[in-house]
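Chemist: got a structure for you, letters missing:
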């Protein structure tokens, strides 16, 4: 996991340093295509896994519950921070 974060941070730094060059802007369509290919590959990988397909209803239900609680927690935190900032 540390390697992934390090690569992400290195990419951010590189992008920040090279953002003014026109050559970087030409890679936008290639990057978009790459992301679409990776998403398709992930979909293929999930679709070809019989365990995931068999347990998809229960996994989906757990995901919805987790997402709902994460969203509610974020909304509560934002509300609390707004109240705090308005007082100060």
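Modeler: Arrived safely. The model shown is predicted, which means the values in this text are computed figures rather than measured ones.
Chemist: average pLDDT across the longest helix along the chain?
Modeler: Longest helix of the chain, by residue count under DSSP state H: helix 56-87. Averaged across helix 56-87, the pLDDT comes to 93.
Chemist: now do the buried residues in it.
Modeler: Within helix 56-87, not a single residue qualifies as buried, counting by 16 or more other Cβ atoms under 10 Å. In this view, the C-beta of every residue, glycine as well, is placed from N, C-alpha and C.
Chemist: just how off-centre is that helix within its chain?
Modeler: Centroid separation for helix 56-87 versus its chain: 16 Å, with Cα atoms, centre = their mean, to the nearest Å.
Chemist: kindly report the same for stretch 43-52.
Modeler: Centre to centre, stretch against its chain (Cα atoms, centre = their mean), the figure for stretch 43-52 is 20 Å.
Chemist: next: stretch 29-39.
Modeler: 14 Å.
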